[in-house]
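Chemist: Fold the following and give me the result.
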Amino acid sequence: MRLTARSAKHSSKLDLPLTSMIDVVFLLLIYFLVTTSLIEEERELDSGIKVQRASARTADLAPAMVDVVRGGSGYVYRLGGREITSPAELRSVLMRFDNKIDGAIVRVDDGAPFDMAANAIQAAKDAHFLSVSYVPLVQSP
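Modeler: Okay, the predicted model is just below:
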C-alpha cells in the first residue's frame, strides 16, 4: 500500500497567481469610479412631462360666475355688477372672457325659470368654456 505517497501530495500548498486577480480588481475599481462620476443625478434630469404654463394675465382670474336672480323686471342674468336680460347678449359677453380654461359657474335662484338656467349653461358652452358647473343659489334669510 502506498498511503504515504498520497498524503504527501495533499499536504503540498497550492499556488494561485494573484497578479491577474489584482489587475481585474483595479480595472473594476477604475470602471466604477469613472461611470459614477458621469451619471447625472435624478434631480438634474429633465422631466418627461411638459407643463404648459398659464400666462400671468389669466392665472389670477377667477372662473366666470353667472347668476340667474330676480332683478328689476323679473329674472335676469347677473355677471359681476352687470345685469343682462337676453341669452344672446350673455353669450356675447362671455365670448370676450380670457380665462376659458378655468370654466364657468352658473348659480341659479330657486324661483328662476328652467329655461333661463338652461340658456345660461348653453351660453357658457357656446362661449367655449372648458367646464360649466350648475350650482343652486342659496339666498341668506
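
Chemist: is it fair to say Val76 lies in a helix?
Modeler: No - counting by DSSP: H, G, I helix; E, B strand; the rest coil, Val76 falls outside a helix, being strand.

Chemist: For it, list each beta-bridge partner.
Modeler: Legend: beta-bridge partners of Val76 under DSSP bridges are Val69.

Chemist: Give me the below-cutoff pLDDT ranges for the chain.
Modeler: Residue ranges of the chain with pLDDT under 70: 1-11, 37-43, 45-47, 50-61, 139-141.

Chemist: quick one: secondary structure of Leu16?
Modeler: Three-state call for Leu16 (three-state DSSP): coil.

Chemist: Check the burial of it by counting its neighbours.
Modeler: The local packing of Leu16 (other CB atoms under 10 Å) involves 6 other residues. Bear in mind the C-beta positions are built from the backbone N, C-alpha and C, glycine included.

Chemist: what does Tyr134 give?
Modeler: 13.

Chemist: So what sits opposite it in the bridge?
Modeler: Counting by DSSP bridges, Tyr134 is bridged to Val106.

Chemist: so it touches Gly103, yeah?
Modeler: No - look at Tyr134 against Gly103 with CB atoms under 8 Å: they stay out of range, at 11.6 Å.

Chemist: Please enumerate the helices of this protein.
Modeler: Secondary structure of the chain (DSSP state H): helices at 3-11, 18-38, 56-59, 87-95, 114-126.

Chemist: Indicate which one of those helices is closest to Val108.
Modeler: Val108 sits nearest to helix 114-126 of all those, at 4.4 Å, using CB to CB.

Chemist: Extract the C-alpha set from the closest one and format it as PDB.
Modeler: Extracted in PDB, the C-alpha atoms of helix 114-126 (Å, rounded to 0.1, in the frame of the first residue of the first chain):
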ATOM      1  CA  PHE A 114     -85.800  76.500 -16.000                       C
ATOM      2  CA  ASP A 115     -85.200  77.900 -19.500                       C
ATOM      3  CA  MET A 116     -83.100  80.800 -18.100                       C
ATOM      4  CA  ALA A 117     -80.900  78.400 -16.300                       C
ATOM      5  CA  ALA A 118     -80.600  76.200 -19.400                       C
ATOM      6  CA  ASN A 119     -79.900  79.200 -21.600                       C
ATOM      7  CA  ALA A 120     -77.100  80.400 -19.200                       C
ATOM      8  CA  ILE A 121     -75.400  77.000 -19.300                       C
ATOM      9  CA  GLN A 122     -75.700  76.800 -23.100                       C
ATOM     10  CA  ALA A 123     -74.300  80.400 -23.400                       C
ATOM     11  CA  ALA A 124     -71.300  79.400 -21.400                       C
ATOM     12  CA  LYS A 125     -70.800  76.300 -23.500                       C
ATOM     13  CA  ASP A 126     -71.200  78.300 -26.700                       C
END
